[in-house]
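Return a 3D structure for these sequence lines:
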Amino acid sequence: MLLSSPEGLLPRLLWEDMAKLQALSRRWVGGKRQAPRAAASLLAFAALLLGPAACDQGAREKSGDGRKAGQKVHLVEVVTVRSEPLRHETVRTGTLTARRSVRVFNQEEGRVDSLPVYEGETVRAGQVLVRMDRRLLEAEMEKAAAVRAQAEADLARVRTLVKKRVTTQEKLDRAETALKVARAEESLFRTRLEYGEIKAPFDGVVTERLVEPGDVAPRHTHLLTVIDPNTLYTKVAVSELMLPRLQVGDAVDVRIDALGDGVWLGRIARIHPTIDPRTRQGTVEVELAPVPPGARAGQLCRATLRTAESRRKVLPFAALRHDREGEYVFVVADGKAQLRRVRSGLRLGDRVEALEGLQDGETVVVRGFLDLSAGKAVTVANADEERDDTPAAERPATE
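Got it, this is the predicted structure:
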């Protein structure tokens, strides 16, 4: 064991004592060649004292960056903020619904005489769907027609008397009024009689049959439901951030789970003008054009909406931090981390749109947030990679 003297007064004195103890131990060459216990203990104690001093000296010799003793290097990884041509893509689920759907009600109470159609049957516009018992209305109609005929005869007689100056103008006016009332009553019962026969308003399919012949249906009873299966559409909820980038007529890819992996063409038919204040989402109506075979109202569908391509400032979603005041990132400038308040936009896959607070070319921290604070000196671990990085290829960003 060879000892070399370190720097410093206290280490030097201890080192000299250890050298003397080493020489003393070598003189004990009799029988077992062992050093006294006191010498061994002193050697161990001196080694403990010299250990930290030697380690500190080695650390000072290895340190070549000029940092003060005890100062730690805070490593971070950064990404450069860039504007890229991107288009946003999102998938929203909805339920297919028939835009033309009519619930058939009776406008006159009575017994159901005939109901010849069943669920699933195709009907044509003008086809009779329901016939109600109309015998009472027919009798009222005959009565009204008789009253009207009597009023016409009375008016003709009064007019003859007026010409002969036998009656007054007042009686003529009363006769004319009575005829108008009789004609109105006849028209009323004719209309009520027509209500007793309910016809299909358009070509469609019966989806509900809720009464049977012989049932007595009070006025305004739901009897049938008829839909047009060629007018299927769906309503989907879309973020308020994406709505301004959508337009009526934009193409939409629609997948219907019940029909397999096929993709069907749809188009945006309407964009509702209001936003739900709780979810911050608006409603978009997507129509299928044409409706694929096998599609039915009530089926689950998935609509893929895409925005037009535009240049957007983006950064990794991992760089975005949150606190009580809102969103922020750490920007690296002049070897220090700076806290910068930002406002984010659309989520684009693993990236997010930066609406405010950042400029192209600035570098933001994406890793190394533990114990990171504003103004802290940092060392960029991936500086060479960022320097050689090129803009990402143009590709759609999905949500």
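
Give me the mean pLDDT for the longest helix along the chain.
The longest helix of the chain (DSSP state H) is helix 135-163. In this model, helix 135-163 has an average pLDDT of 92.

May I see the buried residues of that helix?
137, 140-141, 144-145, 147-148, 151, 154-155, 158 (16 or more other Cβ atoms under 10 Å). C-betas here are computed from N, CA, C, even on glycine.

ok, now stretch 85-93?
So for stretch 85-93, counting by 16+ other Cβ under 10 Å, buried means 86-90, 92.

picking up where we left off before, tabulate the buried residues of helix 135-163 in a markdown table, adding columns for distance to residue 371.
Listed next are these as a markdown table, based on distance: Cβ to Cβ, whole Å:
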| residue | distance to residue 371 |
| --- | --- |
| 137 | 88 |
| 140 | 92 |
| 141 | 93 |
| 144 | 94 |
| 145 | 98 |
| 147 | 99 |
| 148 | 98 |
| 151 | 101 |
| 154 | 106 |
| 155 | 104 |
| 158 | 109 |
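
nearest to residue 260, of those residues?
Using Cβ to Cβ, residue 137 comes nearest to residue 260 of the buried residues of helix 135-163, at 52.7 Å.

check contacts around that closest one.
Taking Cβ atoms under 8 Å, 6 or more residues apart in numbering as the contact definition, residue 137 lies against 108, 189, 192-193, 196.

any idea of the mean pLDDT for stretch 268-284?
94.

Just the residues contacting it, thanks.
For stretch 268-284, using Cβ under 8 Å, 6+ apart, the contacting residues are 92, 233, 235-240, 243, 246-250, 252, 285-287, 305.

likewise stretch 181-197?
106-108, 110, 128, 130-134, 137-138, 140-141, 144-145, 147-148, 150-152.

still on that earlier bit, just to be sure, which of the contacts of residue 137 are found in helices?
189, 192-193.

Redo those as JSON lines? Include neighbour count.
Shown next, in JSON lines, are these (neighbours: other Cβ atoms under 10 Å):
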{"residue": "189", "neighbour count": "18"}
{"residue": "192", "neighbour count": "16"}
{"residue": "193", "neighbour count": "17"}
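
any chance of those residues in a markdown table, with distance to residue 208 too?
What follows is these, written out as a markdown table (distance: Cβ to Cβ, whole Å):
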| residue | distance to residue 208 |
| --- | --- |
| 189 | 31 |
| 192 | 25 |
| 193 | 26 |
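
what sits against residue 302?
Neighbours of residue 302 in contact, by Cβ under 8 Å, 6+ apart: 91-94, 254-255, 257.

Give me the nearest residue to it, chain neighbours excluded.
Excluding the flanking residues, the one nearest residue 302 by Cβ to Cβ, 6 or more residues apart in numbering is residue 255, at 4.6 Å.

Save the contacts of residue 302 as a markdown table, and put in secondary structure too.
Shown next, in a markdown table, are the contacts of residue 302 (DSSP: H, G, I helix; E, B strand; the rest coil):
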| residue | secondary structure |
| --- | --- |
| 91 | strand |
| 92 | strand |
| 93 | strand |
| 94 | strand |
| 254 | strand |
| 255 | strand |
| 257 | helix |
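
out of these, who's nearest residue 295?
residue 254 (9.2 Å).

any idea which element the nearest residue to that closest one once chain neighbours are set aside lies in?
Distances taken as Cβ to Cβ, 6+ apart place residue 266 nearest to residue 254, at 4.2 Å, with adjacent residues excluded. Here residue 266 sits within strand 263-276, counting by DSSP states H and E.

partners of that strand, with directions?
strand 251-256 (antiparallel), strand 281-288 (antiparallel) (DSSP bridges).

in whatever helix or strand comes next after the longest one, what counts as buried?
Using DSSP H and E, the helix or strand that follows strand 281-288 towards the C-terminus is strand 300-306. Using 16+ other Cβ under 10 Å as the test for burial, strand 300-306 gives 301-306.
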